[in-house]
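> Sequence below, structure please.
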Amino acid sequence: MAATEFPVEKGAILMFARAVGDTNPIYHDEDYAGSTEMGGVIAPPTFVQSAAQFDPDYPLRPKPGQKWFGSGRTPSGTAGAASSPEGDGGASGGSGTGGGSGNGGTLHAEQEFTYHRNLRPGDVLTATAIPGKRWDKEGRSGRLEFAESVTEYRDQTGELVVTARGVGVRTAGPVTGGSR
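Reported below is the predicted structural model:
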């Protein structure tokens with residue numbers, strides 16, 4: 001993630017909760033939230049994913065004058081992604097089914113969030129990507145390559161507040177050996 005700061009704002013918390021269909025009043029009702037053990041409004045569990053919108057290079061974010069992965073011009077929005085000089089997204093092969101690129105695309109296989117404390121309006125987070133593990137496994141269609149990505153989110157005081165861990169998998173041909 002290239003964004004240096006990600007502000008946690010009350011309105012963004014409300015909109016995120018609405019977007020994911022979570023009506024829990026702890027995400028928007030000051031009086032209710034204040035009466036809970038949380039003591040105030042907090043952000044929903046996967047809220048840090050919205051930090052991507054602060055990254056100007058996020059591949060799923062629309063860019064003026066460029067074709068967009070989510071344009072809807074094709075069923076997947078990925079037509080020509082592999083060869084398009086305009087950069088219409090889908091760099092990982094789209095949805096994991098290859099996206100028509102024939103490169104065996106990457107599938108998002110797992111996501112985990114470890115909260116060290118709740119996020120609150122007024123926090124300003126900084127995201128740092130740290131190296132994750134890589135490993136291979138034999139699948140029905142050949143070798144599967146797994147790659148872990150880990151992002152640490154720290155608040156304005158430097159305190160670690162959330163650790164996000166994701167795993168991507170892609171097919172890579174026949175199994176040739178052990179872990180890497």
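> contacts and neighbour counts: CA atoms only from here.
Noted.
> which one in this protein is furthest away from the centre?
Ser35 (31.8 Å; Cα atoms, centre = their mean).
> Roughly how far does that one sit from Val41?
10 Å (Cα to Cα, to the nearest Å).
> Report pLDDT for the most centrally placed residue in the chain.
In the chain, the residue lying closest to the centroid (Cα atoms, centre = their mean) is Gln49, at 4.8 Å. pLDDT for Gln49: 90.
> Also the one 4 residues further on?
The per-residue pLDDT reported for Gln53 equals 83.
> Secondary structure of it: a helix, I assume?
Yes. Per DSSP: H, G, I helix; E, B strand; the rest coil, Gln53 lies within a helix segment.
> what's the nearest residue to it if we skip its chain neighbours?
Once flanking residues are discounted, Gln53 sits nearest to Arg61: 6.8 Å by Cα to Cα, 6 or more residues apart in numbering.
> Roughly how far does that neighbour sit from Trp68?
On the measure of Cα to Cα, Arg61 and Trp68 end up 8 Å apart.
> where along this protein do the strands fall?
6-7, 107-115, 124-130, 134-139, 142-154, 160-171 (DSSP state E).
> If you count contacts, what does the longest one end up packed against?
Same thing as strand 142-154. Secondary-structure packing of strand 142-154 (3 or more Cα pairs under 8 Å, 6 or more residues apart in numbering; DSSP states H and E): strand 124-130, strand 134-139, strand 160-171.
> didn't Phe16 look like it was pressed against Gln49?
No. Phe16 lies out of contact with Gln49 (Cα atoms under 8 Å); the separation is 9.9 Å.
> roughly how far is the least confident helix or strand in the chain by mean pLDDT from the heart of the chain?
In the chain, the helix or strand scored least confidently by mean pLDDT, DSSP states H and E is strand 134-139, which has a mean of 87. In terms of Cα atoms, centre = their mean, to the nearest Å, the centre of strand 134-139 is found 22 Å from the chain centre.
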